[in-house]
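**Q** Kindly generate the corresponding structure for this input.
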Amino acid sequence: MSVVLETLDAAVRYGTRARGVQALDGVSLRVHAGERVALVGANGCGKSTLLRLLHGLLAPTAGAVLRDPDTTQAMLFQRPHLMRLSVQSNVALGLWLRGQRWSQAQALAAQALQRVGLEALAARSAHKLSGGQQQRVALARAWALEARVLFLDEPTASLDPHAKREVEALVGDYARARANTTLVFASHNLGQVKRLASRVLYLEQGRMLADLSVQDFFDSSVLSAHHPQAHAFVKGESV
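**A** Numbers count the residues shown, from 1 in each chain. The predicted structure follows:
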């Protein structure tokens with residue numbers, strides 16, 4: 001499969017050399033079209049920074065990030081950024097900013113809202129929706145833009161159990177709907193990682209210490225023998 005994302009010894013440092021924080025340090029990886037890559041690790045390990053680096057919201061302070069220029073990307077944050085507009089207009093806005101006529105953008109937004117089950121709320125103010133509904137609006141934006149690479153930063157972390165299941169199911173639907181759609185997501189929910197990922201990257205203090213298939217990542221014999229830090233993390237998160 002084709003490579004859609006690549007980092008070459010990439011690093012990100014916040015602040016000055018003397019008083020700054022090394023958020024990522026020497027990360028090299030390739031992501032191929034169609035992969036579903038989970039980023040795991042303790043708070044502060046660099047998951048969110050790596051997502052933002054891959055999406056282009058951050059520039060590396062060392063190394064390089066390469067992207068397929070023909071691949072459309074979108075990102076879902078833990079708390080979606082929504083305008084004080086209707087649900088449908090929030091989805092249509094991104095299309096309009098990309099050059100679509102407003103009427104056409106609205107029509108495509110309506111179709112995307114159907115995909116996430118929010119067509120009945122199209123005229124409602126987006127700020128009056130529940131957290132789970134707001135995440136579904138953010139996912140509808142990605143549907144409308146036909147994003148081939150979807151980044152997700154703990155997209156279900158602040159939701160109730162029912163909303164978590166709904167959003168997770170829709171993310172799975174999104175990945176299956178188009179051939180070679182790529183997911184890169186950060187999650188503390190190891191059950192979610194098992195259900196959605198095909199590959200797992202374990203980060204600790206800004207460094208990538210394991211890059212395994214999802215089957216190997218949850219095989220305690222593999223982790224304990226070759227990746228003790230990741231093994232300790234999985235044991236701690238599973239108790």
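
**Q** Next, the residue nearest the centre of the chain: secondary structure please.
**A** Nearest to the mean C-alpha position of the chain, counting by C-alpha atoms, centre = their mean, stands Leu152 at 1.8 Å. The three-state assignment at Leu152 reads strand, by DSSP: H, G, I helix; E, B strand; the rest coil.

**Q** Can you verify my assumption that it contacts Ala186?
**A** Yes: assessed by C-beta atoms under 8 Å, Leu152 is found in contact with Ala186 at 7.1 Å. The way it works is simple: take the backbone N, C-alpha and C, and place the C-beta from them, glycine included.

**Q** what sits in contact with each of those two?
**A** By C-beta atoms under 8 Å, 6 or more residues apart in numbering, Leu152 and Ala186 have these common neighbours: Leu51.

**Q** Quick check: phi and psi at Glu146.
**A** phi 60, psi 50 (degrees, to the nearest 10).

**Q** Return the distance of the residue nearest to the centre of the chain relative to Val40.
**A** 13 Å (C-beta to C-beta, to the nearest Å).

**Q** Tell me what Arg67 is bridged to.
**A** Leu5 (DSSP bridges).

**Q** need the contact list for it.
**A** So Arg67 contacts Val4, Leu5, Glu6, Leu54, Gly56, Gln73 (C-beta under 8 Å, 6+ apart).

**Q** Which residue is the nearest non-sequential neighbour of the last one?
**A** Right, Gln73. Val149 (4.5 Å; C-beta to C-beta, 6 or more residues apart in numbering).

**Q** Could you tell me which residues make contact with that neighbour?
**A** Val149 makes contact with Val4, Leu5, Thr71, Thr72, Gln73, Ala74, Thr181, Thr182, Val184, according to C-beta under 8 Å, 6+ apart.

**Q** repeat for Ala92
**A** Trp102, Ala105, Gln106, Leu108, Ala109, Ala144.

**Q** And for Ala74?
**A** Counting by C-beta under 8 Å, 6+ apart, Ala74 has contacts Arg141, Ala142, Leu145, Ala147, Val149, Leu150, Phe151.

**Q** rerun that using 6 Å as the cut-off
**A** Ala142, Leu145, Ala147, Leu150 (C-beta atoms under 6 Å, 6 or more residues apart in numbering).

**Q** In terms of pLDDT, where does the last one sit?
**A** pLDDT, the model's per-residue confidence, is 96 for Leu150.

**Q** Surely it touches Thr182?
**A** No: between Leu150 and Thr182 no contact is recorded; they are 7.1 Å apart, counting by C-beta atoms under 6 Å.

**Q** what about the helices in the protein?
**A** Taking DSSP state H to define them, one finds helices in the chain at 47-55, 87-97, 102-115, 131-145, 161-177, 190-196, 214-217, 220-226, 228-238.

**Q** This completes my enquiry, with thanks.
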